[in-house]
Structure formats: structure tokens, C-alpha cells
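Engineer: got a sequence here, can you model it:
(one chain, ligands or ions: 1)
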Amino acid sequence: MTRIGVVTFPGTLDDRDAARAVRLAGAEAVALWHGDADLHGVDAVVLPGGFSYGDYLRAGAISRFAPVMGEIVDAANRGLPVLGICNGFQVLTEAHLLPGSMIKNDHLHFVCREQVLSVENVDTAWTRDYTLGERITVPLKNQDGQYVADERTLDELEGEGRVVFRYQDVNPNGSRRGIAGISNAAGNVVGLMPHPEHAVEPGFGPDGAKGPRTGTDGLRFFTSVLHALVG
Ligand SMILES: NC(=O)CC[C@H](N)C(=O)O
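Structural biologist: Residues are numbered from 1 along each chain as shown. Have a look, this model is predicted:
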């Protein structure tokens with residue numbers, strides 16, 4: 001069975017939901033601790049949401065130095081699929097696995113809403129079960145969700161098709177070019193601010209944008225990586 005690691009830092013909140021999403025997709029969830037010096041042979045890693053180290057200094061800035069992150073950076077550079085959700089995305093930018101940074105939402109308030117996204121790249125390890133241009137609805141909840149990068153980096157991301165998700169209907173935090181999620185050049189590392197792991201069970205996630213009250217628009221992140229791993 002495919003084994004997907006879910007990392008817990010001090011202050012992580014969404015590790016249990018991420019592990020549940022992994023199991024619902026049909027994989028084994030393996031708990032990884034921030035102090036771990038190896039990845040226990042997992043096939044992929046999820047960095048979940050929360051407030052690791054209380055978001056002190058800057059969200060993700062301290063977690064980046066956790067022992068497990070050294071292992072994850074090396075493995076990601078060798079092709080291990082890594083998904084960073086919200087605080088996990090913040091950790092990925094701080095660890096320089098993804099470009100740019102996350103700063104306070106432009107309105108300076110915490111935001112919590114059901115957010116519509118467009119899926120703009122289905123060639124990543126975490127999006128191959130979506131269709132290009134599909135609109136999905138998943139929860140969004142954060143205070144430091146404004147994605148920023150210099151114009152050259154933004155042009156590069158757009159030119160290489162590495163903007164994987166874009167906010168639709170509203171830009172909830174002032175992110176440059178409405179960017180909600182991006183990937184690395186190889187497509188194995190993906191980070192996004194909204195929370196697919198909270199939209200994996202009928203009746204519990206937000207309504208699907210397509211009509212029926214499915215609420216499971218996030219589940220295909222976790223099935224995608226299983227399909228990517230079997231080739
Ligand atoms: N849900 C989350 O992961 C949000 C946490 C994040 N540290 C923020 O508020 O920006």
C-alpha cells in the first residue's frame with residue numbers, strides 16, 4: 001500500500017484531517033514528527049495547515065529548520081511528491097522549495113470562507129485527477145495568505161505553467177495575480193493556501209461548484225498522487 005507521510009510540527013492543526021484524507025483516498029497515512037531524522041520510507045509527504053511555532057518571526061520561518069525538513073528538501077529535490085497546504089505552503093516557500101512568500105492578507109483580517117479555485121495545471125503529482133480549467137470549492141482559512149513574488153518570478157511561474165490554482169470570483173487576500181497555489185519546475189512539489197483535506201467527505205466539505213452537494217472537491221489531490229506514484 002502507498003504510504004504518505006503527514007508531518008506534525010508544534011502548532012500544527014490539520015494533520016489529523018490530512019491523514020484522514022490520505023486514508024479516504026486509499027493510502028496509508030504515516031505520522032512524521034518535526035524532529036524525525038528520516039522519512040520512514042514514505043512515498044510522498046503532506047505538510048499540513050496550522051500555526052507551526054506560533055507563526056513567530058514569519059509563518060513557516062522556524063519550521064523550515066526542523067530536522068525533518070532537511071530530509072524533505074533533499075527528497076523533494078530527488079522527486080518525492082510533497083504537498084504543502086496553507087501553513088505547509090508557507091513552510092515550502094520558507095524552505096525555498098517554492099518561490100515567493102506569504103505575507104498578511106491585504107485586509108489584515110483572518111479570512112475563513114468557502115473558496116472557488118480554478119485548476120490551471122493538471123500535470124503535477126497532486127492534480128492529475130482534475131480536468132484543466134475545472135472549478136473546485138474548498139475551505140480557505142488563514143491570516144498570512146497573500147502570495148507575493150517579484151514580477152520576473154511571477155512571469156516565470158506563468159510562462160512555465162506553474163500557477164496551479166487561481167482564486168475565482170474574489171481574490172480573498174490580495175495575492176499577486178490571484179495565485180492560490182504553485183508548483184516547482186518538476187511538478188512534484190505543490191503548495192496552496194486553501195484546504196483540500198477539509199473537502200473529502202460527502203456532506204462535510206463545501207458544496208461542489210458544479211451543482212450537487214458533494215463537498216468532496218479536495219479528495220482528488222490525494223488520489224492524484226497515488227496515480228502519479230504508480231505511473
Ligand atoms: N489554516 C492555516 O494553516 C492557517 C495558518 C497560517 N499560519 C496563517 O494563518 O496564515
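Engineer: tell me the pLDDT of the most centrally placed residue in the chain.
Structural biologist: By Cα atoms, centre = their mean, the chain has its centre lying nearest to residue 85, at 2.9 Å. Residue 85 carries a pLDDT value of 98.
Engineer: residue 155: neighbour count?
Structural biologist: 12 (other Cβ atoms under 10 Å). Every residue, glycine included, has its C-beta placed from N, CA and C.
Engineer: ditto for residue 26
Structural biologist: 11.
Engineer: quick one: contacts for it?
Structural biologist: Counting by Cβ atoms under 8 Å, 6 or more residues apart in numbering, residue 26 makes contact with 1-2, 223, 226.
Engineer: where's the dip in pLDDT among those?
Structural biologist: Lowest confidence among those: residue 1, with 91.
Engineer: residues from the protein in reach of the ligand?
Structural biologist: 49-51, 55, 59, 86-87, 90, 141-145 (Cβ under 6 Å from any ligand atom).
Engineer: where does the closest residue to the residue nearest to the centre of the chain other than its chain neighbours land on pLDDT?
Structural biologist: What sits nearest to residue 85 in space, not counting adjacent residues and going by Cβ to Cβ, 6 or more residues apart in numbering, is residue 49, at 5.1 Å. Residue 49 is assigned a predicted lDDT (pLDDT) of 98.
Engineer: swap in residue 230?
Structural biologist: With respect to pLDDT, residue 230 scores 88.
Engineer: for the protein, what spans make up the strands?
Structural biologist: Applying DSSP state E to the chain gives strands spanning 3-8, 28-33, 44-47, 82-85, 101-103, 111-119, 135-142, 146-148, 163-167, 179-183, 189-192.
Engineer: export the second one to CSV, keeping only CA atoms.
Structural biologist: Output in CSV follows, covering the C-alpha atoms of strand 28-33 (Å, rounded to 0.1, in the frame of the first residue of the first chain):
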residue,chain,number,x,y,z
GLU,A,28,-1.7,4.5,4.5
ALA,A,29,-1.1,7.7,6.5
VAL,A,30,2.3,7.7,8.3
ALA,A,31,2.8,10.2,11.1
LEU,A,32,6.1,12.1,10.7
TRP,A,33,7.4,14.2,13.6
